[in-house]
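Here is a sequence together with a model predicted from it:
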Amino acid sequence: MVSQLSKPNPNEVEIIYPESDGKPMADNTKQFELIVEIKKGLDWLYFNNPQVFVAGDLFWYPVKGQNTIVTAPDVMVVFGRPKGDRGSYRQWEEDNIAPQVVFEILSPSNSRHEMSKKLLFFDRYNVEEYYLYDPETNLLDIWLRTNNGLEPIFSNDDWVSPRLNVRFDTSTGHLQLYRPDGTKFQSYIEVNNLLEATTERLSEAEAMLQKYRDRFGDLPSEG
């Protein structure tokens, strides 16, 4: 018995899902550095969990066949999806799992109308936690999903995310995030300074060890 291959439908139009709109991720250094700090901090937090996908400025398409229904959160976290590179997040290809947590960092170019549309988008497509931070005013707005959808909550200086178990603190005049063990999310400069300090201490230890060997010989072996 010979099986026949189905022929492609000539009337079926291939839908293109763009992976970029040509716009920069951030409008200024302050916004960019905070986006990177949050994204990389979450990467570090979930480094050993292969089923947590973290992305920054990635197009999210929640509805198959609708390439105009799209947004790109500054940072998004998806529990239940594997790590890996993606050109965009097409929800129907991801077990239909929507990002549970999203972050937006305001820039001067963000209009109230634009941010209202994003809130409606996140509400409609089942985001559980939405964090909106303005670096200029140090204001953090938080929305959590209830039976009635995303609802704003009172923002304070010591909020802990129910999903991430990450603590948010704005008491020092800027947004600082802390891991569950109390370790703070660090900027690239802070990580680099820590690495340089560690390297310097290792060099000093090696120099001291070499002086000991020069004077007393090699350390005695165990056993």
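Nice, I can see it.

before we move on, what SS does the residue found closest to residue 78 once you drop the neighbours it is linked to in the chain have?
The shortest distance from residue 78 to any non-neighbouring residue, by CB to CB, 6 or more residues apart in numbering, is to residue 53 (4.4 Å). In short, each C-beta sits where N, CA and C put it, glycine included. Assigned with DSSP: H, G, I helix; E, B strand; the rest coil, residue 53 falls in the strand class.

count of neighbours near residue 53?
Residue 53: 22 surrounding residues under other CB atoms under 10 Å.

Look up how far residue 129 lies from it.
16 Å (CB to CB, to the nearest Å).

Equivalent analysis for residue 65, please.
From residue 65 over to residue 129 (counting by CB to CB), the distance is 28 Å.

Between those two, which has more neighbouring residues?
residue 129 (21 against 9).

just to revisit the earlier point, list the residues that contact the residue nearest to residue 78.
77, 78, 81, 82, 83, 84 (CB atoms under 8 Å, 6 or more residues apart in numbering).

Pull the number of nearby residues for the fourth one.
The number of residues packed around residue 82, counting by other CB under 10 Å, is 10.

quick one: secondary structure of residue 117?
Put simply, residue 117 is helix when judged by three-state DSSP.

what's the distance between it and residue 59?
Residue 117 sits 15 Å away from residue 59, going by CB to CB.

out of these two, which sits in the more crowded spot?
Legend: neighbour count by other CB under 10 Å for residue 117 and residue 59, higher for residue 59 (20 against 12).

Skipping adjacent residues, who's closest to the more buried one in space?
residue 88 is the one closest to residue 59 (CB to CB, 6+ apart), at 4.1 Å.

so residue 137 sits in a strand?
No: according to three-state DSSP, the state of residue 137 is coil, so it is not within a strand.

can you count the residues close to it?
Residue 137: 8 neighbours (other CB under 10 Å).

How about residue 94?
For residue 94, using other CB under 10 Å, the count is 17.

before we move on, what about residue 43?
14.

For stretch 131-149, what is the distance to the chain centroid?
16 Å (CA atoms, centre = their mean, to the nearest Å).

So what's the model's average confidence on that stretch?
Stretch 131-149 shows a mean pLDDT of 95 in the predicted model.

Poorly predicted segments of the chain, please.
Across the chain, the ranges flagged by pLDDT under 70 are 1-12, 22, 24-27, 155-156, 187-223.

just the strands in it please.
For the chain, applying DSSP state E gives strands covering 52-56, 60-61, 75-79, 89-90, 101-105, 129-134, 139-146, 149-153, 159-160, 167-169, 176-178.

Tell me where the chain has helices.
Taking DSSP state H to define them, one finds helices in the chain at 29-45, 112-124, 188-216.
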